[in-house]
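Undergrad: this one's sequence-less:
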């Protein structure tokens, strides 16, 4: 097999699909797709693993397809984590720099690691753990809004951070499923954080933007302002709920309802009344012919309900007035026809649907909202490698990086 030392692998375990993506840096240092594997997910319910064996089998199928396409064996990977068990909270910490108290000195990388570690000292229930630690800003004495205080002089260093926490059991089940598929987890990454890597521009993060990742079982939300994460949340409604509504409303099997939903999402909204769809019935009842407009009467209210829940979460968090760049919709659920137009009046800010970008040779399949997370995982992994290899990977920078990952140095 080909050299795999420089390969970066992302694994996205979703409720409806499992994706494995292998990328390598090319001669110009840009990431390039080497292989992609996709399999239908099994063993999931409401965004949580309920059958480890089925989940691992689907993952292994996707990994084997990616290995064959890339010509390498996959040993380690960056793995996305999400689901209704995820919760975000803001926290802060502070350390004294000088000895004795009141003395000044320059801020060092180790001070950044110490103060970030201090900010993680929140009380968590026994069944929860830190998933991600995202620094927002540093404060040095009375100076606010500092992003990198190293080299600056002061007496007291403070930091504001956003902490992403999750269920220990749910997190470990994801890691175990990946291990059962023969792969070691290099790191776990909060899924909308990964999607943001592939879908958001620097200007959007500065102006303020909410990324809404509509998955199969849940919808993940992450808000940026002034270049940093301000808020994160999970809404327990996703594409599967749309499918179930279609199945019940049209009295048709779930697999047929999923196909009808996807077909509806691909149609021109202006021609829905003219588009006929054959709808098989359950049992021995004959199939019926319905227009896509009938599907709209089922799907659009559910989509509006989801967007209302997003709006309520943004208002509750205090971020609704900080979205200068509006809302970005991604994930498989964002492919529903007309959802951006529906989002504008409900969210009261401009909305757009984003396809992932940022790597070379993506082909025809990857530029699709459904692959935002797996593309972002590889971009995140590559950026992490560059940061850790830049200098002192085993020293102070390594300690800083571990503290940002919610791990002990």
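TA: Perfect, thanks for sending it. Note that this is a predicted model, so its numbers are computed, not measured. Numbers count the residues shown, from 1 in each chain.
Undergrad: so residue 147 touches residue 138, yeah?
TA: Yes: using CB atoms under 8 Å, residue 147 is in contact with residue 138, at 7.0 Å. The C-beta positions use only the backbone N, C-alpha and C, and glycine is treated the same way.
Undergrad: who's more crowded, the two?
TA: residue 138 (24 against 11; other CB atoms under 10 Å).
Undergrad: Buried residues, the longest helix seen in the chain. List them.
TA: Longest helix in the chain by number of residues (criterion: DSSP state H): helix 292-317. Going by neighbour count (16 or more other CB atoms under 10 Å), the buried part of helix 292-317 is 292, 294-296, 298-300, 302-303, 306-307, 309-311, 313-314, 317.
Undergrad: mind listing what's buried in stretch 316-335?
TA: Per 16+ other CB under 10 Å, stretch 316-335 contains these buried residues: 317, 319-320, 322-323, 325-335.
Undergrad: Quickly name whichever of those residues is closest to residue 346.
TA: The shortest approach to residue 346 among the buried residues of stretch 316-335 belongs to residue 327, at 9.8 Å (CB to CB).
Undergrad: And that closest one, how close does it get to residue 67?
TA: Remark: distance between residue 327 and residue 67 (CB to CB, to the nearest Å) = 37 Å.
Undergrad: what's the spacing between the helix or strand residue 160 falls within and its chain's center?
TA: If you go by DSSP states H and E, residue 160 is part of strand 156-167. Put simply, strand 156-167 sits 18 Å off its chain's centre (CA atoms, centre = their mean, to the nearest Å).
Undergrad: For the helix or strand just after it, buried residues please.
TA: Per DSSP H and E, the first helix or strand lying C-terminal to strand 156-167 is helix 168-180. Neighbour-count burial for helix 168-180, with 16+ other CB under 10 Å as criterion, is recorded at 170, 171, 173, 174, 177, 178.
Undergrad: ok, and what's touching helix 168-180?
TA: Defining contact as CB atoms under 8 Å, 6 or more residues apart in numbering, one finds that helix 168-180 is touched by 11, 13, 48-49, 52-53, 55-56, 59-60, 77, 79, 81, 83, 85, 127-129, 131, 184-185, 188.
Undergrad: Which of the residues you listed are buried, as a PyMOL select command?
TA: The following PyMOL line selects those of those that are buried, judged by 16+ other CB under 10 Å:
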select buried, resi 11+13+48+49+55+56+59+60+77+79+81+83+85+128+131+185+188
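Undergrad: Now, the contacts of helix 168-180 that are in strands?
TA: Among the contacts of helix 168-180, the members falling in strands (DSSP state E) are 11, 13, 48-49, 77, 79, 81, 128-129, 131, 184-185, 188.
Undergrad: Distance of residue 195 relative to residue 98?
TA: 42 Å.
Undergrad: Look at those two and report which has more neighbours.
TA: residue 195 (34 against 13).
Undergrad: what's around the closest residue in space to that one that isn't next to it in sequence, how many residues?
TA: Once flanking residues are discounted, residue 195 sits nearest to residue 372: 4.2 Å by CB to CB, 6 or more residues apart in numbering. Neighbour count of residue 372, defined by other CB under 10 Å: 31.
Undergrad: Now do residue 372 against residue 106, distance only.
TA: Distance, residue 372 to residue 106, using CB to CB: 41 Å.
Undergrad: same question, residue 184
TA: Distance from residue 184 to residue 106, by CB to CB: 39 Å.
Undergrad: hmm, back to that, would you list the ones in strands among the contacts of helix 168-180 in JSON lines and tack on pLDDT and distance to residue 223?
TA: Below are these laid out as JSON lines (pLDDT from 0 to 100; distance: CB to CB, whole Å):
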{"residue": "11", "pLDDT": "97", "distance to residue 223": "26"}
{"residue": "13", "pLDDT": "94", "distance to residue 223": "24"}
{"residue": "48", "pLDDT": "82", "distance to residue 223": "24"}
{"residue": "49", "pLDDT": "89", "distance to residue 223": "27"}
{"residue": "77", "pLDDT": "96", "distance to residue 223": "27"}
{"residue": "79", "pLDDT": "97", "distance to residue 223": "23"}
{"residue": "81", "pLDDT": "94", "distance to residue 223": "19"}
{"residue": "128", "pLDDT": "93", "distance to residue 223": "22"}
{"residue": "129", "pLDDT": "93", "distance to residue 223": "23"}
{"residue": "131", "pLDDT": "93", "distance to residue 223": "17"}
{"residue": "184", "pLDDT": "96", "distance to residue 223": "32"}
{"residue": "185", "pLDDT": "96", "distance to residue 223": "27"}
{"residue": "188", "pLDDT": "95", "distance to residue 223": "21"}
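Undergrad: can you list these in CSV and add distance to residue 224?
TA: Listed next are these as CSV, based on distance: CB to CB, whole Å:
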residue, distance to residue 224
11, 25
13, 25
48, 27
49, 29
77, 26
79, 23
81, 19
128, 24
129, 24
131, 18
184, 31
185, 26
188, 21
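Undergrad: Of these, which is the nearest to residue 165?
TA: Distances from residue 165 to these, taken by CB to CB, are shortest for residue 128, at 5.1 Å.
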